[in-house]
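Colleague: prediction below, plus the sequence it came from.
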Amino acid sequence: MRMWFGLTLMALNAGKKWLLVALPVVAGVVVAGLWIGGAFSGSPAEPLAAPGPAVAPTPAPTPEPTPEPSPTRVPTSTPFPTPTAHPSPEGPTATPLPPPTPMAAPRIEVPVYLTGATNVGSLEFVLVYEPSVLEVVSVEKGALARTALIDSGSRTAGRLWTAVIDTNGISGNGPVAVVSFNVVGNGVERISLTLESVYAYNATSLLDIVTEASAGSFTLESKAVISPGLSFPR
C-alpha cells in the first residue's frame with residue numbers, strides 16, 4: 001500500500017497533466033487493496049445493517065425498598081414513688097418507753113438459834129413476824145439439824161410453823177433452822193421476830209424439855225437482823 005501511495009504522489013509532483021490519469025489508477029489501487037486485505041484477514045466483511053427505527057431503551061425496574069423491621073419496644077418498669085412522711089397534725093408522736101423492769105425485792109435470812117441443846121429429838125415452834133413487811137420464801141435446815149427432818153407451813157399470815165425431828169438427838173449451840181424472807185413493805189421501821197408455841201422432847205426418854213424463848217428483830221432501814229432463839233436451862 002505504501003508503494004502505490006508513493007507512486008501517486010510522484011505523479012502529482014510531475015505535473016497536473018497526469019492528474020486525470022492518476023485519479024482512476026489510485027481509486028483502483030485502493031479498491032484492490034481493500035479486497036486483498038479482506039481476503040487475507042480470514043473473516044468476510046460483515047455487511048452494514050440497514051438503519052432501523054430507533055428503539056428506546058427499556059428502563060430497568062426499580063426494586064421496591066424492603067421495609068426495615070421496626071425495633072421492639074421493651075416496656076420499662078415505672079418505679080413506685082417513695083412515700084413521703086407527713087407530719088402528724090397533732091405534733092410529733094412520742095415513742096413509748098419500755099415498761100420499767102421491776103427490781104427484785106431485797107431478801108434476808110433469819111436463823112433460829114439453839115443454846116445449850118441436849119439430846120433434843122423433836123422441836124416445833126411458831127415464828128411470828130409482820131406480813132406487811134416480810135414474805136416467807138423458804139425454810140431450810142440449820143447447821144445443828146444436818147441429819148434431821150424439817151417441815152414448815154403457814155395457816156395464818158404472819159405466823160410460820162416449823163418442826164424438826166432427829167432421832168439421834170440435837171445437841172449444842174447454833175442455828176436449827178434458817179428462814180428466808182423477801183422484804184416487801186416499808187411502813188414499819190422495825191419489826192419483832194418472836195417464837196411462840198414452843199415444844200421440845202428428849203430423843204431417848206421422849207419427855208418434855210423446858211425451853212426459854214428470846215425475841216429477835218429486823219430493822220428495815222439498815223436491814224439488820226437479830227435472830228430469835230431458844231435456850232435449854234439445866
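Modeller: Yes, it's here. Numbering: from 1, shown residues only.
Colleague: care to break the chain down by domain?
Modeller: The chain breaks down into these domains under automatic domain parsing: 2-37, 107-231.
Colleague: how about those domains in CSV, adding mean pLDDT and mean neighbour count?
Modeller: Where C-beta positions appear, they are placed from N, C-alpha and C, glycine not excepted. Listed next are the domains of the chain as CSV, based on pLDDT from 0 to 100; neighbours: other C-beta atoms under 10 Å:
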stretch, mean pLDDT, mean neighbour count
domain 2-37, 52, 12
domain 107-231, 95, 16
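Colleague: leaving out sequence neighbours, find the closest residue to residue 231.
Modeller: In this structure, residue 231 finds its nearest non-sequential neighbour in residue 115, 4.3 Å apart by C-beta to C-beta, 6 or more residues apart in numbering.
Colleague: what's the answer for residue 229, then?
Modeller: Nearest one to residue 229, counting by C-beta to C-beta, 6+ apart, is residue 113 at 3.8 Å.
Colleague: what's the answer for residue 162, then?
Modeller: Residue 162 sits nearest to residue 152 (C-beta to C-beta, 6+ apart), 4.5 Å away.
Colleague: and if you look at residue 166?
Modeller: Among residues not flanking residue 166 along the chain, residue 148 sits closest, at 3.6 Å (C-beta to C-beta, 6+ apart).
Colleague: would you map the strands across this protein?
Modeller: Along the chain, the segments classed as strands by DSSP state E run 107-128, 134-141, 149-156, 159-183, 190-202, 212-214, 216-219, 224-226, 229-231.
Colleague: residue contacts, the closest residue in space to residue 111 that isn't next to it in sequence?
Modeller: Using C-beta to C-beta, 6+ apart and skipping residues adjacent in sequence, the residue nearest residue 111 is residue 175, 3.7 Å away. Residues near residue 175 by C-beta atoms under 8 Å, 6 or more residues apart in numbering: 111-114, 142-144, 227.
Colleague: hmm, try it at 7 Å
Modeller: 111-113, 142-144 (C-beta atoms under 7 Å, 6 or more residues apart in numbering).
Colleague: circling back to that earlier point, could you measure the residue nearest to residue 166 against residue 130, distance?
Modeller: 28 Å (C-beta to C-beta, to the nearest Å).
Colleague: what do you get for residue 139?
Modeller: Taken as C-beta to C-beta, the span from residue 139 to residue 130 is 18 Å.
Colleague: where's the nearest residue to residue 127 once chain neighbours are set aside relative to residue 126, distance?
Modeller: Leaving aside its sequence neighbours, residue 127 sits nearest to residue 160 (C-beta to C-beta, 6+ apart; 4.5 Å). Distance check for residue 160 against residue 126: by C-beta to C-beta, it reads 7 Å.
Colleague: what does residue 166 give?
Modeller: Applying C-beta to C-beta to residue 166 and residue 126 gives a distance of 20 Å.
Colleague: one step back: list the beta-bridge partners for the residue nearest to residue 229.
Modeller: Using DSSP bridges, the bridge partners assigned to residue 113 are residue 175, residue 229.
Colleague: what sits against it?
Modeller: For residue 113, the contact set (C-beta under 7 Å, 6+ apart) comprises 174-175, 227, 229.
Colleague: would TSV of those with distance to residue 214 be doable?
Modeller: Converted to TSV, the contacts of residue 113 look like this (distance: C-beta to C-beta, whole Å):
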residue	distance to residue 214
174	15
175	14
227	9
229	5
